[in-house]
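[1] Just the structure for this:
(2 chains, ligands or ions: 1)
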Amino acid sequence: MASIIKQRKVVADNWQLLKPQAGGGAPPIPESGDIIVPLAVWLDQRNALLSRPGRLGVWLGGDDEPALIAEDLKNFGVVAVHFPQFTDGRGYSLGRLLRERYGWRGELRAIGDVLRDQLLYLSRCGFDAFALREDQDLQAALCAFSDFSEAYQATADQPLPLFRRRFLASPDGMEWS
Amino acid sequence: MYIYDEIDQRLVEERVAQYRDQTRRFLAGKLSEDEFRPLRLQNGLYIQRFAPMLRVAIPYGLLSSRQLRALAYIARTWDRGYGHFSTRQNIQFNWPKLEDVPDILAKLATVQMHAIQTSGNCVRNITTDHFAGIAPDEIVDPLVWCEVVRQWSAFHPEFAYLPRKFKIAIAGGEQDRAAVQVHDIGLQARRGPDGNVGFRVLVGGGLGRTPIIGVVVREFLPWQHLLTYLDAILRVYNRYGRRDNKYKARIKILVKELAPEVFRRKVEQEWAHLKNGPATLIIEEIGRIERRFTRPGYQKLEPIAPEYTLELGRDKGFANWARRNVHPHKMPGYAAVTLSLKKTGVPPGDATADQMDAVADLAERYSFGELRVSHEQNLILADVRQSDLHALWQEARTLGLATPNIGLLTNIISCPGGDFCSLANAKSIPVAEAIQRRFDDLDYLHDIGELDLNISGCMNSCGHHHVGHIGILGVDKQGAEYYQISIGGAQGNDASLGKVLGPAVSQAEVPDVIEKLIETYLARRDSDEERFIDVVRRIGIEPFKEHVYGLNHKATESRSRQLAAA
Ligand code: SF4
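    Presented below is the predicted three-dimensional model:
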């Protein structure tokens, strides 16, 4: 069984990730077990997927539009975003949109080329689960979350930017630190 | 200077620790070359032709004497005793060792400096007018807004892996001295209908391979919405910008491919969700940042210092220098001074560690311990008393920093080019030097008057050749270094892109071509008042072309067209 990082712990994972077949066709759907399907498969086979036993997740590619699942989120046990390369930053925006705009509260998982040195920013964009690339040392990667102790911006994991938190703590002086 | 608070300082220190660990893992073979690359780039470290190059951020070009001394220390300890000030108000060290970089960054952190996001596909150092805060025509002090945007962009988790690099410039008023039209985002302070402050927002300008002037996406954005609007633009770019081709990945291509109208609509739609959200700025925060800037304690002075007038009449060398290198100041009796890093024979923008220490002293004695780096690669003492100018000039002269050429032909902007940069098609520093040598007669130089000459070693245009009145671009012609010359570019409010004059020429021919361009200009100008760029705009490039390539260039061209058509 594979391991992932979830809420800053290494845990066993039994979700099965389904990918399009080599020719681009939809993958066969296993009869049981927990599966994460590509967005296109969800849009296409919605009813069949909902009536099968086992939990259901969906994953988005970088150019998928998260608004397409905004109304469906209650059906999912996990929403994943795929990073074809760790330098492809589209998924960071998707993470924030899923959390901040569409209100997804469940597991938000980064999949694909997910490496230790990107974990902190991913978590700030709302990801709380990470299926790291196979060669990564999960235990060692946990340190990455504590590289920084503060952040300026408003993000998924900290909806108030530093300047607002400062203002709330000390409205007159704004010199709180 | 903006003075860090405890959190600013802590973040910079945590960044050093993070990068130290990343470097350690890279050297231990635990991070591959490819995995390490974006990490080191976002800490300013390039691997180039001969050695790594470290680019240190000088946020919006502002430096204290103490910081400049730290840069001198770095140049001496980890480099070969000098540094190169770049066109983006940064400093570059050309010879550090990769394994020393964490120590260099740690040294920088002790003086509230860093190399964060000076490279890589992220939001880079915010740049502004080098006369920010002292220019008589400002609506706001852009330094405060630069710092607001710096904090927003520093470690922004959503925009660390953009399709390509991203540059933002801010101008404090109508007169644009920050080149806002050729940045990914240009912000220009304005007053709204009810007198409140805001920004005109331009997007998609840039130099590089596809030079283009930015389009206005919003005529007026009230200041409160600055950060949410930036988030909206960046998000649209991050999601939809092209990632399949590095040369089409800048935001200007997205704006063009979508059409500006469509791009604007997408941004506005995105912004509708973010507007008035928690990232909306509050006046208390602007005030807080404003108060963290130290301000010069100006004295009450007469508008014109009598000693200054006296020396101007008495000393021709001083008067020449004052005419070019001294600039007006909003405070009576004060002036800004450019210390030229464009002495003939020295690569444009280079300063030795000793010069840096000496300038730090000058800044302390004459200008409240602060200085600025201009995008023309010079250093500026922004707050000098007029009565001190003569003494300052004498000291600057002995340091080799008083070349009276600001705004003149020999104040060349040049990228490091083929001597240092691995992307170069051709060298740029020797070309700059050859031109400076050709035009070493000061009277002649002053007679030619205002002229920007910019040199880039390749299409990446770090030397901003497109917006030089004369632009020189290194090109590769079957393995040989050649130079394509263009004229008619300009920056500022009436920005324009230069037009290519004709076939590229060899290095040895460049000074002759420049000479011929100048001859044409001098022969055709209406009066001393008409600048080179004005003449090019008035008469077009044809007369220049004829003088450079000879009268038969038309015949040659039409022949080659016929051949091509055949
Ligand atoms: S313009 Fe080209 S040669 Fe010059 S510094 Fe930039 S990339 Fe290097």
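[2] For the rest of this, base every contact and every neighbour count on C-alpha atoms.
    Noted.
[3] any weak-confidence spans in chain B?
    Applying pLDDT under 70 to chain B picks out residues B:48-50, B:551-566.
[4] Contact distance from the ligand - what residues of it qualify?
    Taking CA under 6 Å from any ligand atom as the criterion, chain B approaches the ligand at residues B:415-418, B:421, B:423-424, B:456-463.
[5] Would you confirm that B:D244 belongs to a strand?
    No: judged by DSSP: H, G, I helix; E, B strand; the rest coil, B:D244 forms no part of a strand; its state is coil.
[6] separation between it and B:R250?
    Shown here: B:D244 relative to B:R250, a distance of 11 Å by CA to CA, to the nearest Å.
[7] Same question for B:M459.
    Counting by CA to CA, the gap from B:M459 to B:R250 is 14 Å.
[8] before we move on, what about B:A51?
    Distance from B:A51 to B:R250, by CA to CA: 27 Å.
[9] which one of those two has more residues nearby?
    B:R250 (26 against 16; other CA atoms under 10 Å in any protein chain shown).
[10] does the closest residue in space to the more buried one that isn't next to it in sequence sit in a helix, a strand or a coil?
    Using CA to CA, 6 or more residues apart in numbering or on different chains and skipping residues adjacent in sequence, the residue nearest B:R250 is B:R164, 5.7 Å away. Under three-state DSSP, B:R164 falls in the coil class.
[11] Report the secondary structure element holding A:W59.
    Take DSSP states H and E as the rule and A:W59 turns out to sit in strand A:56-60.
[12] What residues does chain A have near chain B?
    Chain A comes close to chain B at residues A:62-63, A:87-90, A:92-93, A:101, A:121-122, A:124-125, A:147-154, A:159-161, A:163-164, A:167, A:171, A:173-175, A:177, as judged by CA under 8 Å from any CA of the partner chain.
[13] near the ligand too, which of those?
    Okay, of the residues of chain A next to chain B, nothing touches the ligand (CA under 6 Å from any ligand atom).
[14] Buried subset of those as a ChimeraX selection?
    Selecting only the buried entries of the residues of chain A next to chain B in ChimeraX, with 16 or more other CA atoms under 10 Å in any protein chain shown as the criterion:
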select /A:62,87,88,89,90,92,93,101,121,122,124,125,147,148,151,152,153,154,159,160,161,163,164,167,174
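[15] Strands - which of the residues of chain A next to chain B land there?
    Within the residues of chain A next to chain B, no residue falls in strands by DSSP state E.
[16] And for the residue in the stretch 101-250 of chain B that the ligand sits nearest to, the neighbour number?
    Proximity of the stretch 101-250 of chain B to the ligand (CA to the nearest ligand atom) peaks at B:G208, 8.1 Å away. Residues near B:G208, counting by other CA under 10 Å, number 19.
[17] mind listing what it touches?
    B:G208 sits next to B:459-462 when contact means CA atoms under 8 Å, 6 or more residues apart in numbering or on different chains.
[18] go on, B:L39?
    B:L39 sits next to B:19, B:22 when contact means CA under 8 Å, 6+ apart.
[19] three-state assignment of it?
    Criterion first, three-state DSSP; result for B:L39: helix.
[20] Next one: it relative to B:T118, how far apart?
    Distance from B:L39 to B:T118, by CA to CA: 11 Å.
[21] shared neighbours of these two, which are they?
    Counting by CA under 8 Å, 6+ apart, B:L39 and B:T118 have no common neighbour.
[22] Just give the nearest non-adjacent residue to B:Q9, would you?
    In space, B:Q9 is closest to B:Q112, 6.7 Å off (CA to CA, 6+ apart).
[23] Now for that neighbour: which residues touch it?
    Contacts of B:Q112 (CA under 8 Å, 6+ apart): B:3-4, B:9, B:12, B:67.
[24] Can you tell me the number of residues neighbouring B:V144?
    Neighbour number of B:V144 under other CA under 10 Å is 23.
[25] for the one 5 residues further on, same thing?
    Summarising burial for B:V149: neighbours were counted as other CA under 10 Å, giving 19.
[26] which stretches of chain A have low pLDDT?
    In the predicted model, chain A carries pLDDT under 70 at residues A:1, A:172-177.
[27] backbone phi and psi for the residue in the stretch 451-566 of chain B that chain A sits nearest to, please?
    Residue of the stretch 451-566 of chain B nearest chain A, by CA to the nearest CA: B:N460 (21.4 Å). Main-chain torsions, B:N460, degrees, to the nearest 10: phi -70, psi -20.
[28] thought it was touching B:G206?
    No: using CA atoms under 8 Å, B:N460 is not in contact with B:G206, being 10.3 Å away.
[29] Those two: who's more crowded?
    B:G206 (26 against 19).
[30] give me every residue that touches that one.
    B:181-184, B:212-214, B:252.
[31] tally of neighbours for the residue lying closest to it once chain neighbours are set aside?
    Excluding the flanking residues, the one nearest B:G206 by CA to CA, 6+ apart is B:V182, at 4.2 Å. For B:V182, the count of nearby residues is 31 (other CA under 10 Å).
[32] Give me the distance between B:V182 and chain A.
    B:V182 is 24 Å from chain A, where distance means CA to the nearest CA, to the nearest Å.
[33] With adjacent residues omitted, what lies nearest to the residue of the stretch 101-250 of chain B closest to the ligand?
    Of all residues beyond its chain neighbours, the one nearest B:G208 is B:N460 (4.4 Å), with distances taken as CA to CA, 6+ apart.
[34] Please name the residues that touch the residue of the stretch 201-350 of chain B found nearest chain A.
    Closest approach between the stretch 201-350 of chain B and chain A, counting by CA to the nearest CA: B:R239, at 5.1 Å. Contacts of B:R239 were listed using CA under 8 Å, 6+ apart, and they are A:62-63, A:89-90, A:93.
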